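*Asks:* how would this look folded up:
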Amino acid sequence: MAQEKNDKKTEQNPDDMSIITEDELDSQFKYEILKEPGGENFLRCMQCGTCTASCPVKAIDPDYNCRRIIRRALIGDKEHVLNSKFIWMCSTCYSCYERCPQDVKITELMFALKNIAVKHGFIHPSIKAQVTLLEKFGALSEISEFENRMREKYGLPKIKQSPDRVKKVLEKENIKEIIEGDS
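*Replies:* Down below sits the predicted model:
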């Protein structure tokens with residue numbers, strides 16, 4: 001069900017600022033966020049915009065606006081927030097976290113929103129790609145002989161990739177099932 005919603009929503013721009021109707025809102029969403037580690041200070045947000053003003057992602061993508069994400073979450077626009085590409089774009093630089101006058105701990109809030117999104121089957125394609133790389137290489141990239149020769153040149157040990165060990169962890173935690181929506 002969540003995957004169908006996810007596929008349907010991605011056909012349109014999930015980050016648009018269209019009019020929101022009352023039947024699209026989930027009045028319990030804010031309580032779900034408050035229960036998630038990292039979301040405890042969420043209701044402190046007074047929409048001052050300090051987070052967005054200090055965000056390096058905003059400098060690169062003018063559409064990125066953490067204040068807008070928080071506002072949507074506050075009003076209960078659950079599907080929009082969880083399906084938004086923006087919750088996955090946070091660079092975890094902690095600039096907003098350090099500057100927030102209300103101690104909302106926005107970086108931690110973004111982690112909480114990502115966790116809730118995954119629980120509801122909204123998983124960004126980049127996460128799926130990372131799991132594929134972990135299965136294949138045991139890391140997010142393949143270490144070639146060139147890299148190992150360079151490491152050796154500088155007195156560093158060779159890196160031996162062990163995808164089997166990582167695959168066992170992924171299997172034990174049912175990661176593949178989770179990202180495919182089978183959990």
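
*Asks:* Name the nearest residue to Tyr97, ignoring sequence neighbours.
*Replies:* Closest residue to Tyr97 in three dimensions, ignoring its sequence neighbours and counting by C-beta to C-beta, 6 or more residues apart in numbering: Thr107, at 4.5 Å. In this view, the C-beta of every residue, glycine as well, is placed from N, C-alpha and C.

*Asks:* State the number of residues packed around the one you found.
*Replies:* Neighbour count of Thr107, defined by other C-beta atoms under 10 Å: 21.

*Asks:* I am assuming it contacts Cys96, so please confirm or correct that.
*Replies:* Yes - using C-beta atoms under 8 Å, Thr107 is in contact with Cys96, at 6.6 Å.

*Asks:* For the residue nearest to Tyr97, which residues are in contact?
*Replies:* For Thr107, the contacting residues are 90, 92-94, 96-97, taking C-beta atoms under 8 Å, 6 or more residues apart in numbering as the criterion.

*Asks:* where does it land in three-state SS?
*Replies:* The three-state label for Thr107, taken from DSSP: H, G, I helix; E, B strand; the rest coil, comes out as helix.

*Asks:* mind checking how far it is from Ile33?
*Replies:* Between Thr107 and Ile33 the distance is 14 Å, computed by C-beta to C-beta, to the nearest Å.

*Asks:* List buried residues within the contacts of Thr107.
*Replies:* Among those, the ones that count as buried by 16 or more other C-beta atoms under 10 Å are 90, 96-97.

*Asks:* Put together a markdown table for those residues, with pLDDT on each row.
*Replies:* Converted to a markdown table, the buried ones among the contacts of Thr107 look like this (pLDDT from 0 to 100):
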| residue | pLDDT |
| --- | --- |
| Cys90 | 93 |
| Cys96 | 95 |
| Tyr97 | 96 |
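
*Asks:* Need those in a markdown table (columns: distance to Gly39 and secondary structure).
*Replies:* Formatted as a markdown table, those follow (distance: C-beta to C-beta, whole Å; DSSP: H, G, I helix; E, B strand; the rest coil):
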| residue | distance to Gly39 | secondary structure |
| --- | --- | --- |
| Cys90 | 14 | coil |
| Cys96 | 15 | helix |
| Tyr97 | 14 | helix |
